[in-house]
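Engineer: Requesting a structural model of the entry that follows:
(one chain, ligands or ions: 1)
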Amino acid sequence: MNGDGAPKKTMGVDPYERNWMYISIGVIVAFFVLISIAGLALGIQVPTEERRVDPRTFADSAPWGEPAREVGDGEYEVYVVARTFYFEPASIEIPVDSTVTIYVSSPDVQHGFRIQDTNVNMQIVPGEVSKLKYTFDRPGEYPYICTEYCGLAHAAMFGAVKVVEEGAEAEEAEEAREGEGAEEGEEGEDE
Ligand code: CUA
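Structural biologist: Okay, here's the model as predicted:
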């Protein structure tokens with residue numbers, strides 16, 4: 001009367017199948033969480049293709065290959081030419097706490113551009129401009145290297161970002177370093 005006698009309708013999903021469905025959903029959720037952490041918390045960036053340039057001519061025109069230039073308060077930009085077998089410029093000098101937008105392209109073959117101790121790591125394709133932004137909040141030298149085999153002198157392709165302290169801060173830091181150096185020297189003599 002109340003329907004107890006009627007057969008209950010179920011989906012009839014095989015337990016194995018159901019478990020695999022849960023696992024699949026779990027994997028998707030896990031990847032979503034991991035990618036969110038990578039992008040939002042760890043600041044991992046995907047290099048974007050900014051635009052295309054003519055690989056035969058772009059390197060000849062400014063600001064390609066020129067030193068980093070200030071475009072705002074603490075904002076810099078630099079256009080790096082990655083070619084066999086050197087970077088132009090080979091040295092990028094900026095004050096500490098600067099945010100630098102780095103554009104890189106190649107006039108010849110495929111290269112890589114990785115700055116040590118940062119999350120800047122790009123593939124450089126001829127005629128395409130790769131772009132990443134990074135804030136250098138600690139002074140020091142950050143070497144950058146070519147990460148894709150591009151020919152016999154691939155290993156010679158490197159440069160460095162020099163993050164310098166300005167004014168009184170810089171002098172103090174230098175004195176502190178010299179002081180440490182002297183102490184270490186004395187200790188060495190005593191032994
Ligand atoms: Cu350029 Cu390796």
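
Engineer: Please make it C-alpha for all contacts and neighbour counts, starting now.
Structural biologist: OK.

Engineer: Please list the residues of the protein that sit near the ligand.
Structural biologist: Along the chain, the residues adjacent to the ligand under the rule Cα under 6 Å from any ligand atom are T84, F85, H111, C146, T147, E148, Y149, C150, H154, M157.

Engineer: mind checking how far the fourth one is from T101?
Structural biologist: Yep, that's C146 we're talking about. Computed with Cα to Cα, to the nearest Å, the distance linking C146 and T101 is 18 Å.

Engineer: Of those two, which one has the most company?
Structural biologist: When C146 and T101 are compared for neighbours, C146 comes out ahead with 28 against 18, by other Cα atoms under 10 Å.

Engineer: The more buried one - nearest residue in space that isn't next to it in sequence?
Structural biologist: Spatial nearest neighbour of C146, chain neighbours left out: G112 (4.5 Å); criterion: Cα to Cα, 6 or more residues apart in numbering.

Engineer: now G159
Structural biologist: A90 (4.4 Å).

Engineer: Kindly reformat the residues of the chain next to the ligand as TSV containing pLDDT and secondary structure.
Structural biologist: Shown next, in TSV, are these (pLDDT from 0 to 100; DSSP: H, G, I helix; E, B strand; the rest coil):
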residue	pLDDT	secondary structure
T84	93	coil
F85	93	coil
H111	96	strand
C146	96	coil
T147	95	coil
E148	95	coil
Y149	95	coil
C150	95	coil
H154	95	helix
M157	95	coil
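
Engineer: Ranking by neighbours, what's the top pick from those residues?
Structural biologist: C146 (28 neighbours).

Engineer: That residue: what's it in contact with?
Structural biologist: Residues in contact with C146, defined by Cα atoms under 8 Å, 6 or more residues apart in numbering, are H111, G112, F113, R114, H154, A155, M157, F158.

Engineer: could you redo the last one with a cut-off of 7 Å?
Structural biologist: Residues in contact with C146 (Cα atoms under 7 Å, 6 or more residues apart in numbering) are H111, G112, F113, R114, H154, M157, F158.

Engineer: how near is the fifth one to G65?
Structural biologist: Looking back up the chat, that one is H154. In this structure, H154 and G65 are 19 Å apart, going by Cα to Cα.

Engineer: picking that back up, and the host helix or strand of the residue nearest to C146, what does it pack onto?
Structural biologist: With elements delineated by DSSP states H and E, G112 resides in strand 111-115, which encompasses its position. Contact analysis of strand 111-115 by 3 or more Cα pairs under 7 Å, 6 or more residues apart in numbering; DSSP states H and E lists strand 121-124, strand 140-145 as its packing neighbours.
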